[in-house]
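Colleague: Turn this into a model:
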Amino acid sequence: MFGYIRPLAAELRVKEYAYYRAVYCGVCKSMEKTVSPLLSMTLRYDYVLLVMVRMLLSGETGSLQAARCLANPFRKKTALSDSETLRYTSRAAALLTHYGVLDNIADEHGIKRLAYRLLSSPAAAMRRRALRQDTSLVPLDERLRTSLSALAALEQAGEPSPDAAAEPFGILLGAMFAHGLAGTSARIADTVGAAVGRCIYLLDAADDAPEDEAAGAYNPFVRQASAEGIPVRDYLQTHRARIENAVLLSCQTAYRALLLADGYESHPAWPCIENLLQLGIPHTAKQVLDSPGRPLSRSDPAFPTENTQ
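Modeller: Residues are numbered from 1 along each chain as shown. Got it, this is the predicted structure:
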């Protein structure tokens, strides 16, 4: 995933801020323990939402513990205790990392392609370990493969519609969110994952558009800008409201789906989920469209500043 699903930290209360950070740290530690310390290097904000949504839908609240971190071994942090949800997320992340590396090998050139080739062997090993630990993930593994293959086919064909190009990634995340759940919970999770997947794809495409335009690489927004005969930065500003509305609509689709979950308001993850969908993602969309290609601010609970240590 790409790191665009982040909260608006200033609008979180202290205990909510602490809970979000604890989930983030819990995912990191689970990746290290369940699959490989190398996998924790792929950790992104998006996985926190995956954990919290699955916890809310399964009724799991989790517990917190003090834990040491490889990045700062001399100071303990509060982390979500090990759980099946964290282990599932770690294994699913291993599968997605493997296919992401293969996709980047196909897309990149030169030094970047060589770097991903070097990563292909450890990524494949992490995938194999995840599947050995939980054979029920085999159908999910196949779904990820076919969804990314469908996305690659659209890219190779030069699909000009951002919405059409976003669809396979939405299907992919819907499968990740819903795997192993049943009934209404599975349907809610699939809807949330698909909506969030569309947000991620659109934001990533907008963020990468200037670089892709310069490199001559595929990007649906570059294709749209070329059809209008204008630079892609001008296209993004001309159509900014439409892009933001597409992201907001997906956020509202996910939010309304979660309102159907039993007991959602009393779950400790709900304030963080609500912040992400109602405030965080729209704020990130604004940052991306203000300055496409510019690194996002790290004023996020997962990366506290000196004032929040």
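Colleague: give me the number of residues near residue 110?
Modeller: When neighbours are defined as other Cβ atoms under 10 Å, residue 110 has 7 of them. All C-beta atoms are positioned from the backbone trio N, CA, C, and that covers glycine.
Colleague: how close does it get to residue 152?
Modeller: 20 Å (Cβ to Cβ, to the nearest Å).
Colleague: just residue 81 next, same as before
Modeller: In terms of Cβ to Cβ, residue 81 sits 38 Å off from residue 152.
Colleague: Repeat that for residue 49.
Modeller: 25 Å.
Colleague: for residue 199, same thing?
Modeller: According to Cβ to Cβ, residue 199 stands 20 Å off from residue 152.
Colleague: Quick check: neighbours of the lengthiest strand in the chain in the sheet, parallel or antiparallel?
Modeller: Looking across the chain with DSSP state E, the single longest strand is strand 72-80. Strands that pair with strand 72-80, judged by DSSP bridges, come out as strand 64-69 (antiparallel).
Colleague: what's the strand it pairs with in contact with?
Modeller: 22, 25, 28-29, 75-81 (Cβ atoms under 8 Å, 6 or more residues apart in numbering).
Colleague: Name only those of the residues you listed that count as buried.
Modeller: 22, 25, 28-29, 77, 79-80 (16 or more other Cβ atoms under 10 Å).
Colleague: Touching, residue 164 and residue 153? I think so.
Modeller: No: Residue 164 lies out of contact with residue 153 (Cβ atoms under 8 Å); the separation is 11.5 Å.
Colleague: Quick one: residues contacting residue 284.
Modeller: Per Cβ under 8 Å, 6+ apart, neighbours of residue 284: 4-6, 203, 296.
Colleague: if we go to 10 Å?
Modeller: Neighbouring residues of residue 284 by Cβ atoms under 10 Å, 6 or more residues apart in numbering: 3-8, 45, 199, 203, 207, 247, 276, 296-297, 300.
Colleague: How about residue 156?
Modeller: Residue 156 is in contact with 106, 218, counting by Cβ under 10 Å, 6+ apart.
Colleague: What strand or helix carries it?
Modeller: helix 138-157 (DSSP states H and E).
Colleague: just how off-centre is that helix within its chain?
Modeller: 17 Å (Cα atoms, centre = their mean, to the nearest Å).
Colleague: Tell me the buried residues in that helix?
Modeller: 140-141, 143-144, 147-148, 151-152, 154-155.
Colleague: Report all helices and strands that the first helix or strand past that helix going along the chain contacts.
Modeller: Later in the chain than helix 138-157, the nearest helix or strand by DSSP H and E is helix 162-178. The contact analysis (3 or more Cβ pairs under 10 Å, 6 or more residues apart in numbering; DSSP states H and E) places helix 162-178 against helix 46-58, helix 84-107, helix 138-157, helix 183-215, helix 220-228, helix 240-258.
Colleague: Output helix 162-178 as PDB, nothing but the C-alphas.
Modeller: Written as PDB, here are the backbone C-alpha positions of helix 162-178 (Å, rounded to 0.1, in the frame of the first residue of the first chain):
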ATOM      1  CA  PRO A 162      -8.900   6.900 -13.700                       C
ATOM      2  CA  ASP A 163     -12.100   5.300 -12.300                       C
ATOM      3  CA  ALA A 164     -11.700   2.200 -14.500                       C
ATOM      4  CA  ALA A 165      -8.000   1.900 -13.700                       C
ATOM      5  CA  ALA A 166      -8.800   2.200  -9.900                       C
ATOM      6  CA  GLU A 167     -11.300  -0.600 -10.000                       C
ATOM      7  CA  PRO A 168      -8.900  -3.600  -9.800                       C
ATOM      8  CA  PHE A 169      -7.100  -2.200  -6.800                       C
ATOM      9  CA  GLY A 170     -10.400  -1.600  -5.100                       C
ATOM     10  CA  ILE A 171     -11.300  -5.300  -5.700                       C
ATOM     11  CA  LEU A 172      -7.900  -6.300  -4.300                       C
ATOM     12  CA  LEU A 173      -8.300  -4.300  -1.100                       C
ATOM     13  CA  GLY A 174     -11.900  -5.400  -0.700                       C
ATOM     14  CA  ALA A 175     -10.700  -9.000  -0.700                       C
ATOM     15  CA  MET A 176      -8.000  -8.200   1.800                       C
ATOM     16  CA  PHE A 177     -10.400  -6.500   4.200                       C
ATOM     17  CA  ALA A 178     -13.100  -9.200   3.900                       C
END
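Colleague: start the count at 31, not 1, going forward
Modeller: Yep, numbering from 31; the last one is helix 192-208 now.
Colleague: On the three-state scheme, residue 291 is what?
Modeller: Per DSSP: H, G, I helix; E, B strand; the rest coil, the secondary structure class of residue 291 is coil.
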